[in-house]
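Visitor: Starting from these lines, generate the structure:
(2 chains)
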Protein chains: 2
Amino acid sequence: MNEIKFEKRKTIEQVEESTELAPKFDQDGLIPVVTTDFSSGEVLMQGYMNEEALKKTITLGEAIYYSRSRKNLWHKGKTSGLVQKIKEIRIDDDQDSIWLRVDVQGGASCHVGYRSCFYRSVPFGDDNSNTVLKFEEKEKVFDPKKIYGDTPNPTKL
Amino acid sequence: MNEIKFEKRKTIEQVEESTELAPKFDQDGLIPVVTTDFSSGEVLMQGYMNEEALKKTITLGEAIYYSRSRKNLWHKGKTSGLVQKIKEIRIDDDQDSIWLRVDVQGGASCHVGYRSCFYRSVPFGDDNSNTVLKFEEKEKVFDPKKIYGDTPNPTKL
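Guide: You can find the predicted model right below:
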């Protein structure tokens, strides 16, 4: 297996209009990643990768993120079995954002037990005196207690 | 018009399982936003909002981001006419990421002239000796020079 190489960022034209992969990592060494379900198009989650996570994701064909709270690589689904098999990787115009299109084994992606992490909507428009979130998913796909047991909840206040 | 109020983040259960809007902004005061086309489901762009941008987006029903390079609010489409009309706003489990589903006037969203900012794919899998991006969109929807003129290109190296 050959080592993936990223190109140096030389010109705006190279970054935007060429076929060279020259991703930009931010001051913390991270690039944001949005992950959608290949079949439904639904956004499942938003995460981050560092250089190593992106290289391993490209090589393995499964999503590997960088966990900012745990400060390590995070092979999504290794605990829960909900591995994300990659169908397509896209990169944006200035190459500072990644879009993964994946198949999720088990059909659920969210640690709370829902299909998507984005299971609630925010009302909008003129009459926003009462901003009450609406549950767009009514039932959990799995019981997180059964899957994760006593693993600490990743949500931080 | 009433002022939008965000709740204080009190417990993990409140953040994940309740109907209270309690978004988390990072150390720079920002929350990442992924924007998809309401009809096609395609990811159009990934950006950021600060507290003011999120409140204005909810009130106006059009996407207002925070530009990290220009350090100000950015009412998407005000220059190009490619305004993003909001159809749905979603927030994720731990309320630190926003998903906007929008209709884009003019059908294009990317400053380079393509429909989506994610117009190139990254090959993946075992044989990655030759990482050459592939153009998934073949033709630009508009000519950026005609739309933006001499406005500085937002892409940073």
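
Visitor: contacts and neighbour counts: CA atoms only from here.
Guide: Will do.

Visitor: Now do the host helix or strand of residue A:145, average pLDDT.
Guide: Element membership for residue A:145, per DSSP states H and E: helix A:144-148. Looking at helix A:144-148 alone, the average pLDDT works out to 80.

Visitor: Is any residue of it near chain B?
Guide: No - counting by Cα under 8 Å from any Cα of the partner chain, chain B is not contacted by helix A:144-148; separation bottoms out at 12.6 Å.

Visitor: Distance from that helix to the middle of the chain?
Guide: In this view, helix A:144-148 has its centroid 21 Å away from the chain centroid, taken as Cα atoms, centre = their mean, to the nearest Å.

Visitor: which residues touch that helix?
Guide: The set of residues that contact helix A:144-148 without belonging to it, under Cα atoms under 8 Å, 6 or more residues apart in numbering or on different chains, is A:79, A:80, A:111, A:112, A:113.

Visitor: Just the buried residues of these.
Guide: A:80, A:111, A:112, A:113 (16 or more other Cα atoms under 10 Å in any protein chain shown).

Visitor: And the last one, how close does it get to chain B?
Guide: In other words, residue A:113. Residue A:113 is 10 Å from chain B, where distance means Cα to the nearest Cα, to the nearest Å.

Visitor: wait, doesn't that residue sit right on residue A:137?
Guide: No - Residue A:113 lies out of contact with residue A:137 (Cα atoms under 8 Å); the separation is 10.4 Å.

Visitor: Can you give me the buried ones in the worst-scoring helix or strand of chain A on mean pLDDT?
Guide: Within chain A, no helix or strand scores below helix A:144-148, which has a mean of 80 by mean pLDDT, DSSP states H and E. By neighbour count, and taking 16+ other Cα under 10 Å as the criterion, the buried residues in helix A:144-148 are residue A:144.

Visitor: Identify, by residue count, the longest helix of chain A.
Guide: Ranked by residue count, the top helix of chain A under DSSP state H comes out as helix A:51-60.

Visitor: give me the number of residues near residue A:151?
Guide: Residue neighbour count, defined by other Cα atoms under 10 Å in any protein chain shown, stands at 10 for residue A:151.

Visitor: State the pLDDT value of it.
Guide: Per the predicted model, pLDDT is 77 at residue A:151.

Visitor: how much space between it and chain B?
Guide: On the measure of Cα to the nearest Cα, residue A:151 and chain B end up 14 Å apart.

Visitor: Over to residue A:107?
Guide: As judged by Cα to the nearest Cα, residue A:107 and chain B stand 17 Å apart.

Visitor: does that residue count as helix, strand or coil?
Guide: In the three-state summary, residue A:107 is assigned as coil, counting by DSSP: H, G, I helix; E, B strand; the rest coil.

Visitor: Could you find the closest non-adjacent residue to it?
Guide: Of all residues beyond its chain neighbours, the one nearest residue A:107 is residue A:115 (6.4 Å), with distances taken as Cα to Cα, 6 or more residues apart in numbering or on different chains.

Visitor: Do me a favour and average the pLDDT over the longest helix of chain A.
Guide: Model confidence over helix A:51-60, given as mean pLDDT, is 96.

Visitor: which residues touch whichever helix or strand comes after that helix?
Guide: Toward the C-terminus, helix A:51-60 is succeeded by strand A:64-67 as the next helix or strand (DSSP H and E). Contact with strand A:64-67 is made by A:47-50, A:53-54, A:56-57, A:72-76, as judged by Cα under 8 Å, 6+ apart.

Visitor: do the same with stretch A:77-91
Guide: Judged by Cα under 8 Å, 6+ apart, the contacts made with stretch A:77-91 from elsewhere in the structure are A:38, A:61-63, A:75-76, A:97-109, A:147-148, B:117-124.
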